[in-house]
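*Asks:* 3D model of this:
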Amino acid sequence: MNTFNTVVKFFVDCGPFLYPSLAMMTIGLAIAIERFIFLRRARSENRKLWDQLLPTLQAGKFKEAAGMVANSEAAIGKIVSHGLARMASARRREDIDHAMEEGMMEIVPRLEKRTHYIATFANTITLVGLLGTIIGLIKGFTAVAQVNPAEKAELLSASISVAMNNTAFALMVAIPFLLIHAFLQARASEIVDSLEAAKITFLNLVQRLAGEQPRDQREPSSPSPAMRAMGAGLAD
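*Replies:* Predicted coordinates:
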């Protein structure tokens, strides 16, 4: 019970500046939970689809692979879908790479969506806490100037203690928020790196199965027969 009373007194002593901090804390926690669930699901879906898709690509069954990713909501599915769609009309590795990079540009913002708000809330809560502390100190010193000298030390000590509660609460929220932001950024970067690796694997498979020569040893306008066959198969 004493602990509960101490917590209640702590929040009461923070004054009106506590309410905007609590509002930002609530919104920040909601964003953090939503982003964690989204990134965890995206990572799981990408891994599951890629494990199914890779053997099909290695076997050169590009039309079957296109059917697998046609209605997929996974990020890796959308990237591979862009690449397979471009193969129906383009022959060069660079053209397919550009198409898949276009898919990456659509996906990366979704992975990083709203995450930056967490860091913004951490900084804002800290500043609000400091503002509450300064306002509390101003009120404390103003009140001390109007009391008897014998009461000044006790009243000043109590005023400073109350004022510092704002900073203490702000730091207790801001520090975990910064750690959460770093964690979510790392998870998003990990997914982006895995998508980049999958894109390179896809391009290498296409080049190997098409029997392409290095760029400096072939004419860009002369696609290999194998590549033409793959393009025709996707266009069916």
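*Asks:* how near is S72 to C14?
*Replies:* 49 Å (CB to CB, to the nearest Å). Just so you know, the C-beta spots here come from the backbone N, C-alpha and C atoms, and that holds for glycine as well.
*Asks:* neighbour count: these two, which is higher?
*Replies:* C14 (25 against 16; other CB atoms under 10 Å).
*Asks:* now the host helix or strand of the more buried one: average pLDDT?
*Replies:* In this assignment (DSSP states H and E), C14 forms part of helix 2-14. Here helix 2-14 scores 70 as its mean pLDDT.
*Asks:* same thing with stretch 193-203?
*Replies:* 91.
*Asks:* how near is the nearest residue to R40 once chain neighbours are set aside to T167?
*Replies:* When the adjacent residues along the chain are set aside, R40 lies closest to R187, with 7.9 Å between them (CB to CB, 6 or more residues apart in numbering). With the distance defined as CB to CB, R187 ends up 31 Å from T167.
*Asks:* likewise for A65?
*Replies:* 57 Å.
*Asks:* of the two, who's got more company?
*Replies:* For A65 versus T167, the count of surrounding residues by other CB under 10 Å is larger for A65: 24 against 19.
*Asks:* quickly find the element holding the more buried one.
*Replies:* Here A65 is assigned to helix 62-69, by DSSP H and E.
*Asks:* which secondary structure elements does that helix sit against?
*Replies:* helix 18-58, helix 75-87, helix 225-235 (3 or more CB pairs under 8 Å, 6 or more residues apart in numbering; DSSP states H and E).
*Asks:* who's in contact with stretch 163-176?
*Replies:* With contacts defined as CB atoms under 8 Å, 6 or more residues apart in numbering, stretch 163-176 is touched by 10-11, 13-15, 17-18, 21, 25, 28, 122-123, 125-137, 139-140.
*Asks:* cutoff 10 Å now
*Replies:* 9-15, 17-18, 21-22, 24-25, 28-29, 32, 118-119, 121-141 (CB atoms under 10 Å, 6 or more residues apart in numbering).
*Asks:* rewinding a little: could you look up the SS state of the residue nearest to R40?
*Replies:* Using DSSP: H, G, I helix; E, B strand; the rest coil, the structure places R187 in helix.
*Asks:* could you check how many residues crowd around it?
*Replies:* If we define neighbours as other CB under 10 Å, then R187 has 19 of them.
*Asks:* equivalent analysis for the one 5 residues further on, please.
*Replies:* Neighbour count of V192, defined by other CB under 10 Å: 16.
*Asks:* can you pull the contacts of it?
*Replies:* By CB under 10 Å, 6+ apart, V192 lies in contact with 75, 104, 107-108, 111-112.
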